[in-house]
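> Provided below for reference: sequence and predicted model.
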Amino acid sequence: MFSALGEPSRLQIVELLGPRPYAVGEIAETLSIRQPQVSKHLKVLGESGIVRVEPQARRRLYYLQAEAFDQIARWVESFEHLWEVRLDSLGDYLRTNDTEEGQP
Amino acid sequence: MIAQLFKKKKELHFERSYPASVDAVWRAWTDADRLRAWWGPPKTMVAACEIDLRVGGRIYIVTEASEEMGKYQGTRWPMEGTFARIDELRRLTYDARSWTEGEEATTTIHHTNDLILAADGDKTVVTLHVLITEIGPKAKMAAFGMRWGYKSQLDALEKHLAG
């Protein structure tokens, strides 16, 4: 399941939907992926909250969910948090370990 | 498109003041044995640490999940970089990539790290800029997938990370 999330065409779809919504057929055509495949990908993306669908006239349009992208920011924050922890740890180390030893 | 989204927050900036000499901070950052002592976040250990302190030299650090991380135990996160700039006791710049071992193609993050040390009385001010320049597709999708926390996905993720 998780490896399926890393599927390249799914990422392509996410990137395609960035600027505007698309219908299934358009996505299939633009990315040269068979329509049933596109539908499968959209289903997974929908279940993960990345994409939502809105019926419009006779078509169903797929939109990116803005909130999904908060997650990228949050992911970057986790990297940031790692550094905060690491820099705290450096402080502890400097306070306790490197006062008398290692003077060149 | 995703790259654009990252532009907003891909630059990290840290500033700390430590009650230690510039010498001590520099050694803590550039001496492999010293760096080992503080680098890893809790529940991890530094499994490998190599620092070849010269421009073009390699910095290679492997963080490994310890027993306390339960099912993640043994997961390894290498970081490999190259020193681009070394101003003894003042500034250290290295370009690096970090990834989850076994998933290099999809989890790799590229980042540039710029460390500046400045004496401030008997303290040292450390400024660190981290610029994330590229993120692998799985790392991106993990960022999406985690929030919604569908149990099956998380279970699969745990299994994936563990195994």
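Yes, it's here. All values derive from a computational prediction rather than experimental measurement. Numbering: from 1, shown residues only, chains lettered A, B, ... in the order given.
> in chain B, which spans are strands?
Listed in chain order, the strands of chain B (DSSP state E) span residues B:11-18, B:44-51, B:58-65, B:76-87, B:91-98, B:109-120, B:123-135.
> wait, which of these is closest to chain A?
Chain A lies closest to strand B:11-18 among those, at 5.0 Å (CB to the nearest CB). The C-beta positions use only the backbone N, C-alpha and C, and glycine is treated the same way.
> tell me how far stretch B:50-65 lies from the chain's centre.
Between the mean C-alpha point of stretch B:50-65 and the mean C-alpha point of its chain there is a distance of 11 Å (CA atoms, centre = their mean, to the nearest Å).
> so is that stretch next to chain A?
No. Applying CB under 8 Å from any CB of the partner chain, one finds that stretch B:50-65 is not in contact with chain A, the shortest distance being 9.6 Å.
> show residues contacting that stretch.
By CB atoms under 8 Å, 6 or more residues apart in numbering or on different chains, the list of residues contacting stretch B:50-65 from outside reads B:30-32, B:35, B:39-41, B:43-49, B:72-86, B:94, B:96, B:101.
> and A:E80, what element?
Assigned by DSSP states H and E, A:E80 falls within helix A:66-97.
> do the same with A:K40
Under the criterion DSSP H and E, the helix or strand holding A:K40 is helix A:35-47.
> that helix vs chain B: in contact?
Yes. For helix A:35-47 and chain B, the contact criterion (CB under 8 Å from any CB) is met by A:E47.
> report the buried residues of that helix.
A:V38, A:K40, A:H41, A:L42, A:V44, A:L45 (16 or more other CB atoms under 10 Å in any protein chain shown).
> how close does the third one get to B:W77?
Plainly put, A:H41 is 29 Å away from B:W77 if you go by CB to CB, to the nearest Å.
> okay if I get the strands of chain B as CSV plus mean pLDDT and mean neighbour count?
As requested, these are arranged in CSV below (pLDDT from 0 to 100; neighbours: other CB atoms under 10 Å in any protein chain shown):
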stretch, mean pLDDT, mean neighbour count
strand B:11-18, 90, 15
strand B:44-51, 94, 16
strand B:58-65, 94, 19
strand B:76-87, 96, 16
strand B:91-98, 95, 19
strand B:109-120, 93, 17
strand B:123-135, 88, 17
